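*Asks:* have a look; sequence and predicted model below, questions after that.
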Amino acid sequence: MKGRCALKLIDERSKELEAILDSIKDAVCIVDSKGLTKYWNKGAERLYGISKEEILNKPITEFFPSSLLHRILKEEKTYEDIYNSPKENCYNISSASPLYFNGKLVGGISIDRDITDHIKTTELLNKTKSNLKVLQEELSAINKTRASFSSILGNNAKFREVINLAKDMAHSDINILIKGESGTGKELFARAIHMASGREGYFVPINCSAIPNELIESELFGYARGAFTGALKEGRIGKIELANKGTLFLDEIGDMPLSMQPKILRVLEDGEITPIGSEKSIKVDIRVIAASNKDLERMVELGTFRKDLYYRLNSVIIDIPPLRDRRDDIPFLANRFVQDYCMEYGVNILNFSNEVMDAFLDHDWEGNVRELKNIIERMVILARNNKSNVIDINFLPDNILKKRINRTEKKKNSYDLNTVVWETERKTILNALEKTGYNKLKAAKLLNIPRSTLYFKMKKYNIKDMPKY
């Protein structure tokens, strides 16, 4: 009797749970550790048009080859808010997590939210040439302005020390000098420091290397009405005054003209500015963060940068390490960037081949994080255009690819798979071109690849059109 009551109670609890999950509008799916579908709620039936009877106890990949559930079972890793297109003309935002019982992986759960209508609306707006691009640019600018320390990515121990130092200094009013190569994220650090500082005013950046020497004073200090020929009649506020109660970011300060440096020093010491053509000083409360990719100490020795200004700025030095000195961050950054760009360009999340990641780890990254980010955006676009599910070595830029090839050739290893694949693919393409009389359309069909991919590979292997005899 007790056994029957217990079974009845379990059955009732199961029905209650099913009723709760069925009331959720989003699609909920649960699979076991083998990837077999064990639960499929009504939201999933509505979203995908697949009934419980059709899918239960069958592999999820049979219906959705790119399902996140298959991935999280393999990686035992949680994914949140991932753009996904599990089947044609269906778009959603997916989250998936592994399920454990007594510390053992027993399955996974996913929740999908339908955004198909939003995607189609966006496509319609693009077709009608709306102002969406302008709005996106404005939103992008706002997001950049509000960059916080959470947007600075990296797990390298030395890099985390630099971030912690920046966080510690953020709440003070002390001036900061940020050192680092181009592309290391100096402005990102400066914006994060400003945001964490709690200062009421604006973050005002000015690139000292991008402004002509004859204009930099008026740009920084502003000018009074009728100050000089060509000046605006009503005058103009300078960047320093605009940064009042905020942060003035002097990027590439090593390029500031020597004649301007004592005027900046006076602002730091007195907290006052005098616009060009005015006799009235203006009191300002600013926090200065300067940045440079040059050796300012060496410039001080050479007399090309004022010693007193340098020591006024370098109360705290934040030295950002180049990417080549934190190579352990490269896989993390690369995977994060590829997820971001896949979502931006409407592509299912792509994986890197081992050869690509090896090439990334070998590269010197003179352009640092900015170079890595730009290259990954390029590779995502190429993968999308070539309908590839993997970012492989074919999409690497020539400079990285040639470096990789040279290192491979130096090894002179006849068993090196990269070398064998490289030589075999090049020879196969040449054979197909010769067989078809260098007719690229026929050669592409023979090779069973898109013609665009053939053009790409011909360029990659330096294969010219039909040779002239």
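*Replies:* Yep, it's here.
*Asks:* please name the nearest non-neighbouring residue to the residue most central in space within the chain.
*Replies:* Centrality entry for the chain: nearest residue to the mean C-alpha point is F337, 3.6 Å, by Cα atoms, centre = their mean. Of all residues not flanking F337 in the chain, I376 sits nearest, at 4.4 Å (Cβ to Cβ, 6 or more residues apart in numbering). Yep, even glycine has a C-beta here, placed from its N, CA and C like the rest.
*Asks:* one more: L447?
*Replies:* Nearest one to L447, counting by Cβ to Cβ, 6+ apart, is A432 at 5.2 Å.
*Asks:* that neighbour reaches A443, doesn't it?
*Replies:* Yes. In this structure A432 lies within contact range of A443 using Cβ atoms under 8 Å: 4.5 Å.
*Asks:* where does S66 fall, phi/psi-wise?
*Replies:* phi -100, psi 20 (degrees, to the nearest 10).
*Asks:* for it, which non-adjacent residue is spatially closest?
*Replies:* Using Cβ to Cβ, 6+ apart, the closest residue to S66 is N348 (5.2 Å).
*Asks:* mind pulling up the pLDDT for the one you found?
*Replies:* N348 carries a pLDDT value of 85.
*Asks:* where does the stretch 101-250 of the chain dip in pLDDT?
*Replies:* The model of the stretch 101-250 of the chain has pLDDT under 70 over residues 117-147, 225-235.
*Asks:* can I see the domain layout of the protein?
*Replies:* 12-118, 149-319, 327-460 (automatic domain parsing).
*Asks:* and I93, that's in a strand?
*Replies:* Yes. Assessed with DSSP: H, G, I helix; E, B strand; the rest coil, I93 lies in a strand.
*Asks:* tell me the bridge partners for it.
*Replies:* Beta-bridge partners for I93, by DSSP bridges, are Y83, R113.
*Asks:* touching, it and I111? I think so.
*Replies:* No. In this structure I93 lies outside contact range of I111 using Cβ under 8 Å: 9.2 Å.
*Asks:* related to what we said a few turns ago, how near is the residue nearest to F337 to S259?
*Replies:* Going from I376 to S259 by Cβ to Cβ, to the nearest Å gives 42 Å.
*Asks:* more neighbours: those two, which one.
*Replies:* I376 (26 against 10; other Cβ atoms under 10 Å).
*Asks:* just the element for that one, please.
*Replies:* helix 368-385 (DSSP states H and E).
*Asks:* what sits up against that helix?
*Replies:* Residues from elsewhere that reach helix 368-385, judged by Cβ atoms under 8 Å, 6 or more residues apart in numbering: 180-185, 322-323, 330, 333-334, 337-338, 341-342, 345, 347, 350, 356, 360, 365, 367, 388-391, 395-397, 400, 452, 456.
*Asks:* and stretch 263-279, how far out from the chain middle?
*Replies:* 39 Å (Cα atoms, centre = their mean, to the nearest Å).
*Asks:* buried sites along that stretch?
*Replies:* Of the residues in stretch 263-279, 263-265, 267, 273-276, 278 count as buried by neighbour count, 16 or more other Cβ atoms under 10 Å.
*Asks:* and the two most separated of these?
*Replies:* The span of the buried residues of stretch 263-279, defined through Cβ to Cβ, is set by L265 and S278 at 19.9 Å.
*Asks:* avg pLDDT for stretch 392-410?
*Replies:* Mean pLDDT, stretch 392-410: 74.
*Asks:* which parts of stretch 110-119 are buried?
*Replies:* 110-112, 114-115, 119.
*Asks:* got it, and stretch 327-336?
*Replies:* Buried-residue list, stretch 327-336, by 16+ other Cβ under 10 Å: 329-330, 333-335.
*Asks:* same check, this time on stretch 63-82
*Replies:* In stretch 63-82, counting by 16+ other Cβ under 10 Å, buried: 63-64, 67-73, 79, 82.
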